[in-house]
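K.L.:
sequence and predicted structure below; questions after.
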Amino acid sequence: MNWSEVRQLFPERCVLVEAVKSVTRGKERIIEEMAVIDNFENGNAAWKVYKKLHTENQSRELYIFHTNNQEIKVIEQPYIGVRRGI
């Protein structure tokens, strides 16, 4: 489904979504099609589920958005951090 469909189905909610079809244009990640995993009253509850799912499978493209936003925008940033060897 697209963002306008998600907004209609889950008004005034935080939604945890998985990108089904997405593309990068410049530094922006365009999510053309998404699947709603769950919806929540607040971002804290959504964040807990996000962390659990991300720990289980880091290759999933998961996002948390609030449906009050008319549009969504995801800016890609390179990972800058410390990597540890075993």
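P.N.:
Structure's in. What do you need?
K.L.:
who are the packing partners of the longest helix along the chain?
P.N.:
In the chain, assigned by DSSP state H, the helix with the most residues is helix 43-56. Applying 3 or more CB pairs under 8 Å, 6 or more residues apart in numbering; DSSP states H and E, we find helix 43-56 packed against strand 14-25, strand 28-40, strand 62-66. All C-beta atoms are positioned from the backbone trio N, CA, C, and that covers glycine.
K.L.:
quick one: which of those is nearest Asn2?
P.N.:
Among the helices and strands packed on helix 43-56, the nearest to Asn2 by CB to CB is strand 28-40 (6.6 Å).
K.L.:
next, the angle helix 43-56 makes with the closest one.
P.N.:
Here the directions of strand 28-40 and helix 43-56 differ by 110 degrees (axes from the mean of the first three to the mean of the last three CA atoms, to 10 degrees).
K.L.:
so how far is strand 28-40 from its chain's centroid?
P.N.:
5 Å (CA atoms, centre = their mean, to the nearest Å).
K.L.:
for the chain, give me the ranges with low pLDDT.
P.N.:
Within the chain, the ranges that satisfy pLDDT under 70 run 81-86.
K.L.:
point to the residue nearest the middle of it.
P.N.:
Tyr63 (1.0 Å; CA atoms, centre = their mean).
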